[in-house]
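Chemist: Okay, here's the prediction I keep looking at, along with the sequence it came from:
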Amino acid sequence: MTICPKCEAEVGDPFKTWAISRRSSKPGGTPTVFGMYACPECGKRFRARVRSGRKEEVSIKGVTRKIKGIEVELMSTLKNLREKLKTLETERANLLLEIGELKKMAEAKATALESEIGMLREEVESLKQLLGVNELET
Ligand SMILES: [Zn+2]
């Protein structure tokens with residue numbers, strides 16, 4: 001962690017980095033990386049050495065890995081959503097089918113009741129005729 005020289009707050013990654021290779025002191029050595037930092041607390045901008053010559057590479061790898069992770073997460077979220085939508089659509093279709101069948105059943109029952117009522121009416125009529133009850137009384 002890099003510390004702000006003014007307020008000692010922890011500062012994240014530098015917004016700008018540059019490498020200085022020390023060819024004179026270490027041939028083939030890893031270049032020293034400096035970074036320009038901006039403190040999130042007090043806004044101070046300062047230069048500081050990035051921990052090691054490899055730090056930037058490592059952090060880029062880390063970021064790439066993180067992005068990959070986010071991508072994988074997003075893909076699985078999308079996949080899950082798609083599967084959920086599919087399940088919901090199937091459920092909806094099944095419910096509509098069930099509603100259709102229930103409607104048919106209700107209609108069949110209504111028809112059966114209607115014909116039963118018709119038969120009962122006929123029975124009432126024939127009983128009335130049998131007992132000689134005047135139609136006008138009812
Ligand atoms: Zn600060």
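Modeler: That came through fine.
Chemist: need the contact list for the residue nearest to Gly12 when sequence neighbours are not counted.
Modeler: In space, Gly12 comes closest to Pro40 once its chain neighbours are excluded; the distance is 7.2 Å by CB to CB, 6 or more residues apart in numbering. Using the backbone N, CA and C atoms, a C-beta is placed for each residue, glycine as well. Neighbour list for Pro40: Ala9, Val11, Gly12 [criterion: CB atoms under 8 Å, 6 or more residues apart in numbering].
Chemist: Over to Pro40. Which of the three states is it?
Modeler: coil (DSSP: H, G, I helix; E, B strand; the rest coil).
Chemist: distance of Lys104 from Ala110?
Modeler: 11 Å (CB to CB, to the nearest Å).
Chemist: Kindly report the same for Glu125.
Modeler: 22 Å.
Chemist: By average pLDDT, which secondary structure element in this structure comes out worst?
Modeler: The helix or strand with the lowest mean pLDDT-type score in the chain, counting by mean pLDDT, DSSP states H and E, is strand 16-20 (a mean of 86).
Chemist: Check which helices and strands it sits against.
Modeler: Using 3 or more CB pairs under 8 Å, 6 or more residues apart in numbering; DSSP states H and E, the elements in contact with strand 16-20 are strand 32-38.
Chemist: Paired strands for the strand it packs on, with orientation please.
Modeler: strand 16-20 (antiparallel), strand 45-49 (antiparallel) (DSSP bridges).
Chemist: wait, which of the ones you listed is closest to Val33?
Modeler: Among those, strand 16-20 comes nearest to Val33, with 5.0 Å by CB to CB.
Chemist: before we move on, the earlier item: can you give the distance from the least confident helix or strand of the chain to the centre of its chain?
Modeler: How far strand 16-20 lies from its chain's middle: 40 Å, per CA atoms, centre = their mean, to the nearest Å.
Chemist: just stretch 105-119 next, same as before
Modeler: Worked out by CA atoms, centre = their mean, stretch 105-119 lies 48 Å from the chain centre.
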